[in-house]
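A.B. asks: output the structure for:
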Amino acid sequence: MADLIKIEISDLLLKQVRDPRIGLVTITGVKVTDDLRTARVFFVELGKDQCSEEVQAGLGKAAGFMRRELGRRLRLRCVPELLFAYDPSFAYGNRIERLISEIHREEEAHVPED
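C.D. replies: As a prediction, this is how the structure comes out:
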């Protein structure tokens, strides 16, 4: 169910949600509670290591529309409430990558030439 919700929300954001605050948002995952009442939707804003308040507000504002569309598209009797949460794993990965690159540059600078 989580994968279906992820696919449909991604499609809705791409094709139907017209809020300019949500322009560069990517859905990274969805976790649905066992009773299917709540779906936590994880997202990142492309090119940024932190989530802006505007993006969070835009997603919150569009949640009702997306929930309604999910019910229509997936034909669910009980459509889960959508809670949007920023996914910090991408920012963490970017930080690790920067640190590794910095270490490589320092090692190359200290390598004696023959």
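
A.B. asks: Val44 in helix, strand or coil?
C.D. replies: In terms of secondary structure, Val44 is strand; the call rests on DSSP: H, G, I helix; E, B strand; the rest coil.

A.B. asks: which residues touch the residue nearest to it when sequence neighbours are not counted?
C.D. replies: Leaving out its chain neighbours, the residue that sits closest to Val44 by CB to CB, 6 or more residues apart in numbering is Phe90, at 4.7 Å. C-betas here are computed from N, CA, C, even on glycine. Phe90 sits next to 28, 44, 49 when contact means CB atoms under 8 Å, 6 or more residues apart in numbering.

A.B. asks: tell me how many other residues crowd the residue nearest to the last one when sequence neighbours are not counted.
C.D. replies: The one in question is Asp49. The shortest distance from Asp49 to any non-neighbouring residue, by CB to CB, 6+ apart, is to Ala91 (3.9 Å). By other CB atoms under 10 Å, the residues close to Ala91 number 15.

A.B. asks: cool, the one 4 residues further on as well?
C.D. replies: The burial count assigned to Arg95 is 11, neighbours taken as other CB under 10 Å.

A.B. asks: how far away is it from Pro88?
C.D. replies: With distances defined as CB to CB, to the nearest Å, the gap from Arg95 to Pro88 amounts to 10 Å.

A.B. asks: repeat for Ala57
C.D. replies: As judged by CB to CB, Ala57 and Pro88 stand 19 Å apart.

A.B. asks: now Ile7
C.D. replies: If you measure Ile7 against Pro88 using CB to CB, the figure is 23 Å.

A.B. asks: re earlier: any idea how far Gln56 is from the residue nearest to Asp49?
C.D. replies: Using CB to CB, one obtains 15 Å as the distance from Ala91 to Gln56.

A.B. asks: ok, back up a step: out of the contacts of Phe90, who has the most neighbours?
C.D. replies: Going by other CB under 10 Å, Val44 tops the contacts of Phe90 with 21 neighbours.

A.B. asks: I appreciate the help and will end here.
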